[in-house]
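A.B. asks: sequence first, then the predicted structure:
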Amino acid sequence: MRTLDELDSTLYHVSSDFINDLRELNGDIMILGAGGKMGPSLARLARLAIDKAGLSKKIIAVSRFSNKDAEDEMNRYGIETISADLMDDTALANLPEIENVLYMAGTKFGTTGNEAYTWAMNTYLPGRIASKFRKSKIVVFSTGNVYPLTQVTSDGPTEVDAVGPVGEYAQSCLGRERIFEHFSNVYKTPILIYRLNYAIDLRYGVLLEIAKSVRAGKPIDLTMGFVNVIWQGDANEVAIRCLNHCTYPPQKLNVTGTQKLAVKGIAEQFGKHFNIEPVFIGQPVTTALLSNAGKMEKMFPGKRVSLDEMISRTGEWLTQDGALLNKPTHFQERGGKF
């Protein structure tokens, strides 16, 4: 895998179950906050799947689109775009009514020192969105950071376990969830809260960060000793299919890989790939940020990209000097400071 086109072919696989779900979904789809790391590939997957299903649904991507090239690329693939700042009341009011909404807007990095903006984006704006799209189905992107660090001897929290966000970013994300829950209760809006960690593709993510450190001979901190990851293409498919599972009151869904992965083990696999001995510092502590994805597996069974495949692809991508997004995950952060 050497080019972005080859990468795209792995991000945009369309399963028969996916097509069947789209055929059962009434109406068009709007993606709010579509300009981030995951939004463009999600929009393209939705467009491709709708075309393969022989449907006439619109995909409308909404973002500030500070990068005009990203907007032009979406248009080339048949995705309609609206350039809008969702924090602008007039721009938000002018968005069309639509049956299905994927809500991806929010902020994470730069939270420390800019807490007020973080809360405005992650908690105030959701109330405005929930009011505007009260007649829609809404899949609300959230994060596994709403959970506390949990014992690594467990499989991680399920959706019914207690939350315990660490730091203001995670607290504001729980605020986002609570605001959407409140307005769902007020308007009886069907909602699904999509708690994601960590989606990866070859240009960014936990595996890439570990691989880069191994290849460069940089020490890998083992304090956060375990993680969950999911291939971004798989996470995108689940997100779109969740539109058929929005409920009132809202339900929650952990979206991640079902394996609890040891950071040391991942690094050692990359070490074999690059023929380099990894360098480690620190020792794994007894807690980590984990999520239990058992409910997701029951709702959306099927083959997903395996860890071995992700490691092999990531290693090859780095060896071939593939394009990188240079957007760190800070997965090793334990104090909630992003």
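C.D. replies: Thanks, I have it.

A.B. asks: got a list of contacts for stretch 167-185?
C.D. replies: With contacts defined as C-beta atoms under 8 Å, 6 or more residues apart in numbering, stretch 167-185 is touched by 106, 108, 111-112, 115, 118-119, 121-123, 126-127, 130-131, 134, 138, 140, 142-143, 145-146, 163, 165, 189-191, 193, 248-250, 252, 335-338. Placement of C-beta: from N, CA and C, glycine included.

A.B. asks: buried ones in that stretch?
C.D. replies: 167-177, 179-181, 183-184 (16 or more other C-beta atoms under 10 Å).

A.B. asks: go on, stretch 243-262?
C.D. replies: Buried, per 16+ other C-beta under 10 Å, within stretch 243-262: 243-246, 250-258, 260-262.

A.B. asks: same question, stretch 224-240
C.D. replies: For stretch 224-240, by 16+ other C-beta under 10 Å, it's 224-240.

A.B. asks: next: stretch 298-306.
C.D. replies: Neighbour-count burial for stretch 298-306, counted by 16+ other C-beta under 10 Å, picks out 300, 304-305.

A.B. asks: closest one of the residues you listed to Arg76?
C.D. replies: Val305 (25.9 Å; C-beta to C-beta).

A.B. asks: backbone phi and psi for Ser63, please?
C.D. replies: Per-residue torsions, Ser63: phi -160, psi 170 (degrees, to the nearest 10).

A.B. asks: can you tell me how far it is from Thr287?
C.D. replies: 36 Å (C-beta to C-beta, to the nearest Å).

A.B. asks: contact partners for the residue lying closest to Ala262 once chain neighbours are set aside?
C.D. replies: Excluding the flanking residues, the one nearest Ala262 by C-beta to C-beta, 6 or more residues apart in numbering is Phe226, at 5.8 Å. Applying C-beta under 8 Å, 6+ apart, we find Phe226 in contact with 152, 260-263, 284, 288, 290.

A.B. asks: just to revisit the earlier point, what about the buried residues of stretch 224-240, which are in strands?
C.D. replies: 226-227, 230-231 (DSSP state E).

A.B. asks: tell me which of the residues you listed is nearest to Phe270?
C.D. replies: For these, the nearest to Phe270 is Val227 (14.0 Å; C-beta to C-beta).

A.B. asks: inside helices: which ones of the buried residues of stretch 167-185?
C.D. replies: 167-177, 179-181, 183-184 (DSSP state H).

A.B. asks: what's the most distant pair in those residues?
C.D. replies: Applying C-beta to C-beta across those, the maximum distance is between Gly167 and Ser184, 25.9 Å.

A.B. asks: which ones are touching the closest residue to Tyr187 other than its chain neighbours?
C.D. replies: Closest residue to Tyr187 in three dimensions, ignoring its sequence neighbours and counting by C-beta to C-beta, 6+ apart: Arg134, at 3.9 Å. Taking C-beta under 8 Å, 6+ apart, we find Arg134 in contact with 183, 186-187, 189.

A.B. asks: over to Arg134. Which of the three states is it?
C.D. replies: Classification of Arg134 by DSSP: H, G, I helix; E, B strand; the rest coil places it in coil.

A.B. asks: show me where the stretch 51-200 of the chain has strands.
C.D. replies: For the stretch 51-200 of the chain, applying DSSP state E, counting those that start in this stretch gives strands covering 59-63, 80-83, 100-103, 137-143, 150-151, 191-196, 199-200.

A.B. asks: Trp317: which of these is closest?
C.D. replies: Closest to Trp317 of the strands of the stretch 51-200 of the chain is strand 199-200 (C-beta to C-beta; 11.2 Å).
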